[in-house]
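K.L.:
Here is my input, please return the structure:
(one chain, ligands or ions: 1)
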Amino acid sequence: MTTTKRSWAEPYKIKMVEPLRVTTREERERALREAGWNTFLLRSEDVYIDLLTDSGTNAMSDRQWAGLMLGDEAYAGSANFYRLEAAVRKFYGYKYLVPTHQGRGAENILSQCLIKPGDYVPGNMYFTTTRAHQELAGATFVDVIIDEAHDPTSEHPFKGNVDLEKLDALVKRVGAQKVPYVSVAATVNMAGGQPISMKNLREVSEYCRAKGIKVILDATRAVENAWFVKRREKGYEHKSVAEILRETCSYTDGATMSGKKDLLVNIGGFLALNDEKTFEEARNLVVVYEGLHTYGGLAGRDMEAMARGIEEAVEEAHIRARIGQVEYVGQRLLEAGVPIVVPIGGHAVFLDATRFLPHLPQVAFPAQTLAGELYLESGIRAMERGIVSAGRNRETGDHNYPKLELVRLTFPRRVYTQAHCDVTVESVVELYERRRSIKGLRMVYEPKYLRFFQARFDRLEG
Ligand code: PM9
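P.N.:
So this is what the prediction gives:
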């Protein structure tokens, strides 16, 4: 199936449908004004095609829905926990499992277990919630991704790679004892859903082992990463996605997971570890923040759905169609001349707002503006991934100014059809044609933490 020239088709048929509402321009003007130009503050019922995120928005299979009926809702020792633990061991290979309500629950516990105030955590680009928990635990995040990752036009096949020289420079500067772990994401969300190569991960692992530094994987989209390794890295073309996933994890000491992405569920996550001592501490902390260590904030039925999702996620026909859909949209936009991040990522197509709206300076929030305008144009909801998401510098209080100023068109798994994709492309192209008339924004309300979720904006006049 994977080598044939024939195009992919969804490896499922539709059994249940959820109606969509098409709104008028006037309705969208009002909704966006009420939402303070922040797509996170729109009501879902005012959205036509929802490309805000692929997080928790996936369609579960009939097997997963059937699994919900097998939920063992015992407070302690749920059978579904043991099934989840077995699935994580089999497909990810880690020894110990701490379930959490979602990814950031795992990030919180991991950060508290491993970080001491004054530590440094290097990573292949920041992720919003991951860095927030590292900083709340007293660490400074240091970006050690390769330079190409910050260039939306670079065609590097593995823009998620760690720059070992940058990593080594940090370790030499602060000392290995101040670096509890390296945070490695697969794929890298903020770089445009870009993969890390197996070779690079192996080198990071060897380097860290020699220095006594742990490697922690953000496994949220590691299955998508495995697909790119299979497609792009020599020696992996005949390996299964499941084998590549196991090998990926084997170079790391543990993983945080938001099951709401790769694992095809609407809620759920976990922390997985190999080291017994860290596990003991994490298992103790989870009861403070999430719930008992055999449910971690999840219902038994949620754990069952996630255990089944783990198996479905690595099916080759599934992952091929999932990434094929994103590539289809990206390719059509490229053909229309719309500036997007290349190579096309795993979970989303990222519009390059800097090139889309070159007349807007970064302080006028081009990506936030573009996401709002796309909604006004078409009812399609996307997400800002630029200066708003990057937050403020903790020392100077000024904005962080990321090189990437992007709007993410994120595709939930198994939810939208090719016709929805076509409408999305047509809407973006129409917006691109009238781009010069678009005005920027000013921020009128800024929350203290993870401001992109709740900040409010007004249109700049003139
Ligand atoms: N990612 C996303 O839309 C959900 C909201 S944050 C804007 O991309 C990675 C790589 C993620 C991620 C969430 C989390 C946190 C960790 N790592 O949302 O807490 O993409 O389950 O996971 C979002 P939770």
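K.L.:
buried ones in the longest helix seen in the chain?
P.N.:
Longest helix in the chain, counting residues (DSSP state H): helix 316-335. For helix 316-335, a neighbour-count test (16 or more other C-beta atoms under 10 Å) marks 318-323, 325-330, 332-333 as buried. Every C-beta, even on glycine, is put in place using the N, C-alpha and C of the backbone.
K.L.:
which of those residues lies closest to residue 360?
P.N.:
residue 333 (19.8 Å; C-beta to C-beta).
K.L.:
roughly how far apart are the closest one and residue 342?
P.N.:
11 Å (C-beta to C-beta, to the nearest Å).
K.L.:
interface residues of the stretch 251-400 of the chain facing the ligand?
P.N.:
Neighbours of the ligand within the stretch 251-400 of the chain, by C-beta under 6 Å from any ligand atom: 258, 260, 269.
K.L.:
export the residues you listed to a markdown table and tack on pLDDT and secondary structure?
P.N.:
Formatted as a markdown table, those follow (pLDDT from 0 to 100; DSSP: H, G, I helix; E, B strand; the rest coil):
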| residue | pLDDT | secondary structure |
| --- | --- | --- |
| 258 | 98 | strand |
| 260 | 98 | coil |
| 269 | 98 | strand |
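K.L.:
ok, which stretches of the stretch 151-300 of the chain are strands?
P.N.:
181-185, 214-218, 254-258, 269-273 (DSSP state E, counting those that start in this stretch).
K.L.:
for the stretch 301-450 of the chain, that is, sorry about that
P.N.:
Counting by DSSP E, counting those that start in this stretch, the strands of the stretch 301-450 of the chain are 348-352, 383-385, 406-410, 441-445.
K.L.:
Now whichever residue of the stretch 201-350 of the chain sits closest to the ligand. Nearest residue, chain neighbours left out?
P.N.:
Per C-beta to the nearest ligand atom, residue 258 is where the stretch 201-350 of the chain lies closest to the ligand, at 3.2 Å. The shortest distance from residue 258 to any non-neighbouring residue, by C-beta to C-beta, 6 or more residues apart in numbering, is to residue 103 (2.8 Å).
K.L.:
ok, now which ones touch the one you found?
P.N.:
Contacts for residue 103 (C-beta atoms under 8 Å, 6 or more residues apart in numbering) come out as 129, 218, 220, 256-260, 269.
K.L.:
redo that, cut-off 10 Å
P.N.:
Listed by C-beta atoms under 10 Å, 6 or more residues apart in numbering, the contact set of residue 103 reads 55, 127, 129-130, 133, 218-220, 256-261, 268-271.
K.L.:
now residue 195
P.N.:
Residue 195 touches 157-161, 185-188, 221-222, 224-229, 231-233, 343, 345-346, counting by C-beta under 10 Å, 6+ apart.
K.L.:
switch the cut-off to 6 Å
P.N.:
Contact analysis of residue 195 by C-beta atoms under 6 Å, 6 or more residues apart in numbering lists 158, 160, 187, 225, 228.
K.L.:
Could you do residue 309 as well?
P.N.:
Residue 309 sits in contact with 263-265, where contact means C-beta under 6 Å, 6+ apart.
K.L.:
go again using 7 Å as the cut-off
P.N.:
By C-beta atoms under 7 Å, 6 or more residues apart in numbering, the contact list for residue 309 reads 64, 259, 263-265.
K.L.:
can those residues go into CSV with extra columns for pLDDT, distance to residue 38 and neighbour count?
P.N.:
Formatted as CSV, those follow (pLDDT from 0 to 100; distance: C-beta to C-beta, whole Å; neighbours: other C-beta atoms under 10 Å):
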residue, pLDDT, distance to residue 38, neighbour count
64, 98, 32, 23
259, 98, 26, 34
263, 98, 28, 28
264, 98, 28, 26
265, 98, 26, 27
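K.L.:
Could you point out which of those residues is nearest to residue 201?
P.N.:
residue 263 (20.5 Å).
K.L.:
That closest one touches residue 313, doesn't it?
P.N.:
Yes: in terms of C-beta atoms under 7 Å, residue 263 counts as a neighbour of residue 313; the distance is 5.6 Å.
K.L.:
Let me have the strands of the stretch 151-300 of the chain in TSV, adding distance to residue 27 and mean neighbour count as columns.
P.N.:
Shown next, in TSV, are these (distance: least, C-beta to C-beta, whole Å; neighbours: other C-beta atoms under 10 Å):
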stretch	distance to residue 27	mean neighbour count
strand 181-185	38	28
strand 214-218	38	24
strand 254-258	32	29
strand 269-273	35	29
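K.L.:
Output these in JSON lines, with distance to residue 22 appended to each entry.
P.N.:
Output for those, formatted as JSON lines (distance: least, C-beta to C-beta, whole Å):
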{"stretch": "strand 181-185", "distance to residue 22": "36"}
{"stretch": "strand 214-218", "distance to residue 22": "37"}
{"stretch": "strand 254-258", "distance to residue 22": "31"}
{"stretch": "strand 269-273", "distance to residue 22": "34"}
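K.L.:
With respect to residue 338, which of the ones you listed lies nearest?
P.N.:
For the strands of the stretch 151-300 of the chain, proximity to residue 338 was assessed by C-beta to C-beta; strand 181-185 is nearest, at 26.2 Å.
K.L.:
Would you mind pulling up the elements that the closest one packs against?
P.N.:
strand 120-123, helix 198-211, strand 214-218 (3 or more C-beta pairs under 7 Å, 6 or more residues apart in numbering; DSSP states H and E).
K.L.:
Switch those over to JSON lines; also include mean pLDDT and distance to residue 144.
P.N.:
Below are those laid out as JSON lines (pLDDT from 0 to 100; distance: least, C-beta to C-beta, whole Å):
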{"stretch": "strand 120-123", "mean pLDDT": "98", "distance to residue 144": "4"}
{"stretch": "helix 198-211", "mean pLDDT": "98", "distance to residue 144": "9"}
{"stretch": "strand 214-218", "mean pLDDT": "98", "distance to residue 144": "12"}
